[in-house]
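> Following is a predicted model, sequence given first.
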Amino acid sequence: MRRLLLIEDNDLNRDALGRLLARQGFKVLPARDGAEGVELALQERPDLILMDLGLPLIDGHEATRLLRATPATAGIPIIALTAHAMDTDREAALASGCDAFETKPVVVARLVQTIEALLAGDRRTQVVKPGPPPAKEDG
Ligand code: MN
């Protein structure tokens, strides 16, 4: 079963989204702050990470940078989740190393599409604006 690490500090959002994704056939590992999220990512090596950007202790940007800088987790796809829909938020998330960006409240069908695309190896499918070519990935 594909395992998703869901890092979200809002209990209601985490429980609701976790249930919806479980119903889609994913095993959901919950984490409630950035520190716990990074720790669980290292321990559990999930197939994909859903990263709220506004998190206590370590925010989503910093958590993503930490995971990207760690060989064991550098290759795990990360989808940023945020209530803000500004272009600057999207760009900041991608600059931190996220592969895709979803605005909350999450549209589950669209999120699942993005998850499936990333799990199939289609990285950076959600980048809307053309940017510089992606850096060569190690491993
Ligand atoms: Mn939050």
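Structure received.
> in this protein, which helix or strand is least confident?
Of all helical and strand segments in the chain, the minimum by mean pLDDT, DSSP states H and E falls on helix 87-96, at a mean of 90.
> just how off-centre is that one within its chain?
Offset of helix 87-96 from its chain centre (C-alpha atoms, centre = their mean, to the nearest Å): 13 Å.
> Need the residues that contact the helix or strand following that helix.
Moving toward the C-terminus from helix 87-96, the next helix or strand (DSSP states H and E) is strand 100-103. The contact list for strand 100-103 (C-beta atoms under 8 Å, 6 or more residues apart in numbering) reads 77-85, 89-90, 93-94, 110-111, 114, 118, 124-127. In this view, the C-beta of every residue, glycine as well, is placed from N, C-alpha and C.
> Next, the contact list for L81, please.
E8, L50, M51, D52, L53, G60, E102, T103, K104, V106.
> if you set the cut-off to 7 Å instead, what comes out?
Counting by C-beta atoms under 7 Å, 6 or more residues apart in numbering, L81 touches E8, L50, M51, D52, L53, E102, K104, V106.
> Can you name the residue of this structure nearest the ion?
Proximity of the chain to the ion (C-beta to the ion) peaks at G54, 3.7 Å away.
> Taking the contacts of strand 100-103, please make a PyMOL selection of just the buried ones.
Of these, the buried ones can be selected in PyMOL as follows, counting by 16 or more other C-beta atoms under 10 Å:
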select buried, resi 77+78+79+80+81+82+89+90+93+94+111+114+118+126
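> For the protein, which residues are neighbours of the ion?
D9, D52, G54 (C-beta under 5 Å from the ion).
> hang on, isn't the first one packed against G34?
Spelled out, it's D9. No. D9 is beyond contact range of G34, at 8.5 Å (criterion: C-beta atoms under 7 Å).
> intersection of neighbour lists for the two?
L55.
> So those two - more neighbours on which side?
Each of D9 and G34 has its neighbours counted (other C-beta atoms under 10 Å); G34 has more, 25 against 19.
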